[in-house]
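Engineer: Pasting a predicted model and its sequence here:
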Amino acid sequence: MTRQWIRQCRLMIGNGSEAVDVSDLRIRFNVQRATTPTPEQADIIITNLSNATANRIVSDEYKNVVLQAGYDGNFDTIFEGEIVQRRGPGRESPTDTYVNLLVKGGQLAVSYGVVNKTLAAGHTIRDQVDACLEALKPYGIVAGHISDLGSTKMPRGRAMFGMVRNQLRSICNAVGATWWIEGKKLNILSNKENMPGDAIVINSGTGMIGMPVQTIDGVEVRCLLNPRINLGSVLKIDEASIQRAKYSLDNVDSYLIDQKPLYDSNIASDGLYQVKFMSHSGDTRGTDWYTDSICIALHGGIPSKRVSQTSLAPTLGGQ
C-alpha cells in the first residue's frame, strides 16, 4: 500500500481543444456514482478565480471537466464529465469569491442516445451491446469493462429502436447484469462477477476512518481518498471491525420478511465486499479528503432497493 502522504489535486476545465488548469486554487468537490443508469455527478467549487477566468468558465466557452485527486503515488482521474450548471462568480465572504459547477458524466449519452438498428437472426447479446455502443459513439462513449455475456445465438432477428438506456436495461435484465457509464466508458458487469483487479484492503493501516457500519443498504465504510476504489471494486474489510446494525422490531412481519434477509446477507464471512455506491469528497484547503463506499457481500449479498435507486443529489451547491 502506497504511503498516503502529500495530497494531490488537478482540475482541468475546457472545451476539447483548450483547457484551463485551476489546480493551484482552493477546490472543494463531491463526486458521487452508483451502479445504476443514473449518470455520475460532481459538485465542484473553485475559490478566488480571477475575474477573466471566472467569466470564461461561467460562459458557454468551456463544457468539460476532468478532476484528478489522490496522494503522491496514488493519483488518478476520479471524474470526467460535462457541465450542466454554472453559478457565479459569487461571494462567500468579503474577501472570497467562488464559482460553482454541477457536472454530470455521460449525461448527454444517457439523455439523448438513440439506437436504430436491425440485427439478423443468429446475432448474440454482445452484438446488441455493440449496437448500443455504436449509437453512443457520437457522445464520446467507448467500451469499458464488458462481462462475458455468453455466445448464445438468437433464433430470431431483433429490431433495436429507441433510447439506448432502455435497450441496455433490457439487455442487462435478460442476462443478469448491471450497466453504468463511468467517465467516457460504458461498463456492463455480470451480477456474478466483480471488476478486474485485486481486492483493496481497508483497515486502519491503509487509511480507514472510523469503523465500518452495517446498514440495510450494505456495509458503509470511509477511508482516505483512494482513486483506486471504483464501482464494482472488491474491498477486503475485517469482519470483526464492522459495527452491526440494530434491528427494528416495530413491525415484526416487516422485520422477518424484509429486513432480516437483507441484514443477514450483507456481512461477508470472508471479508470480501463489492462496491455498489461511492463518493469522493475533498477540500484542498480543508480537512475533507475521503472516499465513502456502500458495499455488499461479494458472495451472496443482496443489493438493497434503496441503493439501486440512490439519488445522486448535490451536496456542496448550497452556497
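Structural biologist: Yep, it's here.
Engineer: which regions of the stretch 151-300 of the chain sit below the pLDDT cut-off?
Structural biologist: Counting by pLDDT under 70, the stretch 151-300 of the chain contains low-confidence residues at 247-265, 299-300.
Engineer: name the element residue 150 belongs to?
Structural biologist: Using DSSP states H and E, residue 150 falls within no helix or strand.
Engineer: And for residue 90?
Structural biologist: Remark: residue 90 resides in strand 74-91, with elements defined by DSSP H and E.
Engineer: Residue 276: neighbouring residues, count only.
Structural biologist: If you count neighbours by other C-beta atoms under 10 Å, residue 276 ends up with 23. Glycine gets a C-beta too; all of them are placed from N, C-alpha and C.
Engineer: Neighbouring strands - and their directions - for the helix or strand containing it?
Structural biologist: Using DSSP H and E, residue 276 maps to strand 272-283. Paired neighbours of strand 272-283 in the sheet (DSSP bridges): strand 27-34 (antiparallel), strand 234-237 (antiparallel), strand 289-297 (antiparallel).
Engineer: just the CA coordinates of the longest one, formatted as CSV?
Structural biologist: Meaning strand 289-297. The C-alpha trace of strand 289-297 is given here as CSV (Å, rounded to 0.1, in the frame of the first residue of the first chain):
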residue,chain,number,x,y,z
TRP,A,289,-10.3,14.1,1.7
TYR,A,290,-12.4,10.9,1.9
THR,A,291,-13.8,8.1,-0.1
ASP,A,292,-17.1,6.7,1.1
SER,A,293,-18.4,3.4,-0.1
ILE,A,294,-21.6,1.3,0.3
CYS,A,295,-20.8,-2.3,-0.5
ILE,A,296,-22.5,-5.7,-0.3
ALA,A,297,-21.0,-9.2,0.4
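Engineer: Sort out which residues of it are buried, please.
Structural biologist: Across strand 289-297, burial judged by 16 or more other C-beta atoms under 10 Å covers 289-297.
Engineer: And it, how far out from the chain middle?
Structural biologist: Its chain's C-alpha centre lies 11 Å from the corresponding centre of strand 289-297 when counted by C-alpha atoms, centre = their mean, to the nearest Å.
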